[in-house]
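*Asks:* sequence first, predicted coordinates after that:
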Amino acid sequence: MSEKQKKKTEYFENRKEFNGLKVNEGIEQPPSINPNAISRFKKKRKKLPTASEFVQGIRESNRAILSQAITLIESSLPEHNSIAQEIIEKCLPFSGDSIRIGITGVPGVGKSTFIETFGKHAIDQNRKLAVLAIDPSSEKSKGSILGDKTRMEILSNDPNCFVRPSPSAGSLGGVARKTRESIVLCEAAGYNTIFIETVGVGQSETAVHSMVDFFLLLMLGGAGDELQGIKRGIMEMADAIAITKADGTNVQHAEIAKGVYRNALHLFPVTESGWSPQVHTCSAVKGNGIREIWQTIMDHSKELAANNYFELNRSRQGNYWMYETINESLQNNFYNDPRIKTLINKLEKKVLAKNVSSFEAARQLLNNYYNSDG
């Protein structure tokens, strides 16, 4: 009996008692993974451009190169950080010639819709716009939707606009610093108007305020007590307040809110810059009030340039971010130290078990880090 015939008899359906049944031998099945696809994945990744090549692409307003450079800034890999810092240093001489506008607001105020309409107006004024949006990350998954480019469809497709969402990834200070570094690259690429959209919660407003020339607070009218839940610190930081969605039946509510906020601003002390914060109503859908808000920002720039506060504020911000960078670098160095990584896990268990206080655990970690005996 041949091997083929022998194999056929192995199928029990081919036994004599099963008359009329016959099972033919199947064909050989192909592999589950295409070997050609594997070879493609095994190909070496494309080599990164040099810092000089990055700078050249940025200066030529190459948006793909600009995006790649910002990705290097946001990366936590040491080799990426090294080239990113070199790119920033080379771009610094070409930065600074822009107006930086921070935009924040309560949830549901319509920040993305406002920025789309407001940004289109800025471009119509022959401005070149970059929108840097800090997107909140999940505390559990650490992921972000990064949906601003989808929500700002018109701006995203405009050749005179660059939209870049960045994840907060649970590290507000780090993201704020990276956003400030991204501003430098955008200015070197020729973008003379920078919008920075915040996540709209907690400390983000303070961080963004320390890197912009004009801080715009978006608020809603007709949402109950107009001042409920508004921190005095945020109100004091605002150079202007815009009551959004002032259209249809909401116009009257917006006007009432405008009066309330205007009276509230009068209670605050005079600003160091001498600027008097203004309150506007607007509708991003109808386009009402957008031109007036833009004119307010232009008036603010002229007034602060005339009294020299504009450059003073920029200098102070640079000094502030020097210290912030030092603090972040020290923190990263501490947590990445191999000795600390080993010791911190042990002490964390002791703190959870209440065998040692959190203060004593911190003291031991710091002493170990500085090689101190006590």
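*Replies:* Perfect, I can see it now.

*Asks:* biggest helix in the chain, by residue count?
*Replies:* Criterion DSSP state H: the longest helix present in the chain is helix 309-335.

*Asks:* so what does it touch, helix or strand wise?
*Replies:* helix 172-188, helix 290-306, helix 338-352 (3 or more Cβ pairs under 8 Å, 6 or more residues apart in numbering; DSSP states H and E). Yep, even glycine has a C-beta here, placed from its N, CA and C like the rest.

*Asks:* among those helices, which is the most enclosed?
*Replies:* The highest average neighbour count among those, using mean count of other Cβ atoms under 10 Å, belongs to helix 172-188 at a mean of 22.

*Asks:* angle of the helix or strand containing Ile87 against helix 172-188?
*Replies:* Assigned by DSSP states H and E, Ile87 belongs to helix 78-91. Per axes from the mean of the first three to the mean of the last three Cα atoms, to 10 degrees, the angle that helix 78-91 makes with helix 172-188 is 40 degrees.

*Asks:* what sits up against the helix or strand following helix 78-91?
*Replies:* Next in sequence after helix 78-91, counting helices and strands by DSSP H and E, comes strand 99-105. The contact list for strand 99-105 (Cβ atoms under 8 Å, 6 or more residues apart in numbering) reads 111, 114-115, 183, 192-198, 200, 204-205, 208-209, 211-219, 234, 244, 297, 301.

*Asks:* stretch 358-374 now?
*Replies:* Contacts for stretch 358-374 (Cβ under 8 Å, 6+ apart): 334, 337, 339-340, 343-344, 347-348, 350-351.

*Asks:* redo that, cut-off 6 Å
*Replies:* 334, 339-340, 343, 347, 351 (Cβ atoms under 6 Å, 6 or more residues apart in numbering).

*Asks:* what does stretch 113-126 give?
*Replies:* The contact list for stretch 113-126, computed with Cβ under 6 Å, 6+ apart, reads 129, 152, 154-155, 160, 193, 195, 244, 284, 290, 294.

*Asks:* for stretch 51-58, same thing?
*Replies:* Applying Cβ under 6 Å, 6+ apart, the external contacts of stretch 51-58 come out as 65-66, 69, 83, 86-87, 90-91, 185, 188-189.

*Asks:* turn the residues you listed into a markdown table, including distance to Val55 and pLDDT.
*Replies:* Shown next, in a markdown table, are the contacts of stretch 51-58 (distance: Cβ to Cβ, whole Å; pLDDT from 0 to 100):
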| residue | distance to Val55 | pLDDT |
| --- | --- | --- |
| Ile65 | 9 | 95 |
| Leu66 | 11 | 96 |
| Ala69 | 9 | 95 |
| Ile83 | 11 | 94 |
| Glu86 | 9 | 95 |
| Ile87 | 6 | 96 |
| Lys90 | 5 | 95 |
| Cys91 | 6 | 95 |
| Leu185 | 9 | 96 |
| Ala188 | 7 | 96 |
| Ala189 | 10 | 96 |
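
*Asks:* a markdown table for the residues you listed, including distance to Asn307?
*Replies:* Shown next, in a markdown table, are those (distance: Cβ to Cβ, whole Å):
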| residue | distance to Asn307 |
| --- | --- |
| Ile65 | 38 |
| Leu66 | 34 |
| Ala69 | 35 |
| Ile83 | 40 |
| Glu86 | 37 |
| Ile87 | 34 |
| Lys90 | 33 |
| Cys91 | 29 |
| Leu185 | 30 |
| Ala188 | 28 |
| Ala189 | 30 |
